[in-house]
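**Student:** coordinates for the following, if possible.
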Amino acid sequence: MQVRAGAEADLEALTDLYNHYVRETAITFDTVAFSPEERRPWLLSHPEDGPHRLLVAQERHAGSGGGRVLGYVTSSPFRVKPAYATSVEVSVYCAPDAAGRGIGTLLYRTLFEALRQEDVHRAYAGIAQPNAASVRLHERFGFRHVGTYREVGRKFGRYWDVAWYELPLGLAD
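**Tutor:** Purely as a prediction, here's the structure:
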């Protein structure tokens with residue numbers, strides 16, 4: 001498996017992966033699946049370097065180019081106001097049949113190593129509840145629970161809580 005920056009050629013695979021979670025889970029609060037063209041601005045908002053990244057985990061095939069996309073991780077602006085510029089929101093998604101293989105761990109490890117070279121002070125993750133696997137992943141990286149928004153989103157005819165987690169990344173932390 002390799003981890004690399006996301007590229008235009010990944011757009012369809014990334015959209016398909018994300019749409020699974022849109023249609024089947026409350027992990028994301030998007031409620032309508034996207035076309036690749038609708039997802040293009042999201043992809044383009046994550047350059048190869050800087051604080052807002054998109055990294056892709058991909059199978060390696062001997063003697064050929066890349067293989068299937070197994071998951072991806074992003075760091076995105078936490079909020080749009082300038083004083084939030086040193087904070088990012090992070091998300092990780094794995095292909096449904098690739099869960100439990102350490103892909104999320106590999107993606108987060110690679111992302112956090114890169115972000116520690118940037119002017120990023122804190123990373124935040126919102127986790128729709130319940131999601132014990134995601135909570136364990138985030139706590140393994142040192143995230144700590146800082147609060148829960150109760151019944152903040154409605155999807156599939158019910159309300160969902162979102163627990164917020166914080167990870168210090170800055171040099172003084």
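**Student:** check contacts around the most centrally placed residue in the chain.
**Tutor:** Central residue of the chain (CA atoms, centre = their mean): residue 91, 2.0 Å from the mean position. Applying CB atoms under 8 Å, 6 or more residues apart in numbering, we find residue 91 in contact with 73, 74, 76, 125. To be clear about C-beta, it is placed using only N, CA and C from the backbone, and glycine gets the same treatment.
**Student:** same deal with residue 46?
**Tutor:** Applying CB under 8 Å, 6+ apart, the residues near residue 46 are 6, 52, 53, 54, 74, 75, 76.
**Student:** most neighbours among the residues you listed, which one?
**Tutor:** When neighbours are counted by other CB atoms under 10 Å, residue 75 leads those with 26 neighbours.
**Student:** just to be sure, that residue is in a strand?
**Tutor:** Yes: with DSSP: H, G, I helix; E, B strand; the rest coil as the criterion, residue 75 is part of a strand.
**Student:** neighbours of the spatially closest residue to residue 39 that is not a sequence neighbour, how many?
**Tutor:** Nearest non-adjacent residue to residue 39, counting by CB to CB, 6 or more residues apart in numbering: residue 15, 4.6 Å away. For residue 15, the count of nearby residues is 20 (other CB under 10 Å).
**Student:** so what secondary structure elements neighbour the helix or strand where residue 15 lies?
**Tutor:** Element membership for residue 15 (DSSP states H and E) is helix 11-24. Contacts defined by 3 or more CB pairs under 8 Å, 6 or more residues apart in numbering; DSSP states H and E place helix 11-24 against helix 36-44, strand 66-77, strand 87-94.
**Student:** just how off-centre is that helix within its chain?
**Tutor:** 13 Å (CA atoms, centre = their mean, to the nearest Å).
**Student:** now the angle from that helix to helix 36-44?
**Tutor:** Angle, helix 11-24 to helix 36-44, by axes from the mean of the first three to the mean of the last three CA atoms, to 10 degrees: 100 degrees.
**Student:** just the buried positions in helix 11-24, please.
**Tutor:** 11, 13, 14, 15, 17, 18, 19, 21, 22 (16 or more other CB atoms under 10 Å).
**Student:** what angle sits between it and strand 66-77?
**Tutor:** Going by the same axes, to 10 degrees, helix 11-24 makes 70 degrees with strand 66-77.
**Student:** can you tell me what sits against helix 11-24?
**Tutor:** 6, 27-28, 30-36, 39-40, 43, 56, 68-69, 71-72, 93, 95-96.
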